[in-house]
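Q: sequence unavailable; structure follows:
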């Protein structure tokens, strides 16, 4: 596959993600529970080379008069002859799914990309507050809960081409969260459910990303792109919001993870006519915090040193051009969240999390400098949001 053919698929778009993409949870034991969230999607575009005009050979028409042996001119065009060069037909961008790049932003170009993400999840759990004297008899409270979580993230992102193989990106998210919890304590004979609502809205964790294309790639040759993502803790800290001691629910929901993070990644983009195959492997390291204090019933509670578990991520997919303006993508993203440690120990009840998401994406080119894309994520594991909808509108300025 030559370079012109590769350009019909464009570049893989860069998000967000999920955060997208998908959510990553890490729990701190004690009187605090924190959530780390990670997203996925792809983005990008490449300006293709103009295609040469193709002239259609004229039709030969022989005419002979009935009364004259002399023939008419041997050739006449059956229609107007094409003059000059046909207009450029730009091929579509691959519909974005994950936070992974394709061919990077050209040198000196700036792309502004606003995005909107909606995530919804539900969970049911039975909480045993008490102890057992034999496995069949529980002394204490049995609490059955249904939790419905809604998250809306609006992100303003911009990326700039530093050179032919390097680009930088800045991401500024604003997060709105809403949790509705319905519970009924069975052991006390309660006749009705109790409802609890918590909300939170504030700026999220600002991110800075650098990417470098390692090779030229080409026909049947993969492109390798390395990246390094730095995540700040500008969002509302989970340790700063109050947690009720009895229910364990937060009065106000945090909008950030509460930890600085660094995520190296390696992306492979392989053109395979008529599709493009892509995938990424990554590892997110969150830096530990010392002397952590949480709020329990509005009372500061000392926890100590909290070290969130690392996150091993992998995703892969395929992009297929439908026509000159539209494309379709399908992919899968999986993350393994390792144990969180408190004061060097793994707290009781802290387990690894498996997050799996199936994603479908569609992209349509509105103009030479503007593309719109949608993606749908379906959670395949219990800890992943049931559904994630993402809308992006990258614009080249």
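A: Perfect, thanks for sending it. This is a predicted model, so every value here is computed, not measured.

Q: so for residue 227, what's the nearest residue that isn't a sequence neighbour?
A: What sits nearest to residue 227 in space, not counting adjacent residues and going by CB to CB, 6 or more residues apart in numbering, is residue 211, at 4.4 Å. For glycine as for every other residue, the C-beta is placed from the backbone atoms N, C-alpha and C.

Q: typo on my end, it should be residue 118
A: In this structure, residue 118 finds its nearest non-sequential neighbour in residue 389, 4.6 Å apart by CB to CB, 6+ apart.

Q: isn't there a strand covering the one you found?
A: Yes - Residue 389: assigned to a strand according to DSSP: H, G, I helix; E, B strand; the rest coil.

Q: so residue 351, which of the three states?
A: Three-state call for residue 351 (three-state DSSP): coil.

Q: so which residues of the stretch 101-250 of the chain form helices?
A: Assigned by DSSP state H, counting those that start in this stretch, the stretch 101-250 of the chain shows no helices.

Q: which intervals of it have sub-threshold pLDDT?
A: Along the stretch 101-250 of the chain, segments meeting pLDDT under 70 span 101-103, 125-144, 184-192, 246.

Q: can you pull the contacts of residue 114?
A: Going by CB atoms under 8 Å, 6 or more residues apart in numbering, residue 114 touches 154, 155, 156, 157, 392, 393.

Q: same thing but 7 Å
A: Shown in contact with residue 114 (CB atoms under 7 Å, 6 or more residues apart in numbering): 156, 393.

Q: who does it bridge with?
A: residue 156 (DSSP bridges).

Q: what do you get for residue 120?
A: Under DSSP bridges, the residues paired with residue 120 across the bridge are residue 150, residue 387.

Q: ok, it - contacts?
A: For residue 120, the contact set (CB under 7 Å, 6+ apart) comprises 150, 385, 386, 387.

Q: and residue 270, by the same measure?
A: By CB under 7 Å, 6+ apart, the residues touching residue 270 are 222, 277.

Q: what are the pairing partners of the host helix or strand of it, and which direction each?
A: Assigned by DSSP states H and E, residue 270 falls within strand 261-272. Here strand 261-272 is paired, per DSSP bridges, with strand 223-231 (antiparallel), strand 275-286 (antiparallel).

Q: contacts for the shortest one next, please.
A: This points to strand 223-231. Under CB under 7 Å, 6+ apart, the answer for strand 223-231 is 101, 103, 205, 207-215, 217, 260-269.

Q: buried set for it?
A: For strand 223-231, a neighbour-count test (16 or more other CB atoms under 10 Å) marks 223, 225, 227, 229, 231 as buried.

Q: and the closest residue in space to residue 370 that isn't next to it in sequence, how many residues sit next to it?
A: Leaving out its chain neighbours, the residue that sits closest to residue 370 by CB to CB, 6+ apart is residue 395, at 5.1 Å. Close neighbours of residue 395, defined as other CB atoms under 10 Å, add up to 15.

Q: show me what contacts residue 395?
A: 111, 112, 369, 370.

Q: at 8 Å instead, please
A: Residues in contact with residue 395 (CB under 8 Å, 6+ apart) are 111, 112, 113, 369, 370.

Q: please apply the same query to residue 314.
A: Contact analysis of residue 314 by CB under 8 Å, 6+ apart lists 279, 280, 281, 282, 333, 334, 335.

Q: could you redo the last one with a cut-off of 6 Å?
A: Residues near residue 314 by CB atoms under 6 Å, 6 or more residues apart in numbering: 281, 334.

Q: wait, is it part of a helix?
A: No - counting by three-state DSSP, residue 314 is not found in a helix; it is strand.

Q: could you give the bridge partners of it?
A: Assessed by DSSP bridges, residue 314 has beta-bridge partners residue 281, residue 334.

Q: over to the one 4 residues further on?
A: Each beta-bridge partner of residue 318 is listed here: residue 277, residue 330, as defined by DSSP bridges.
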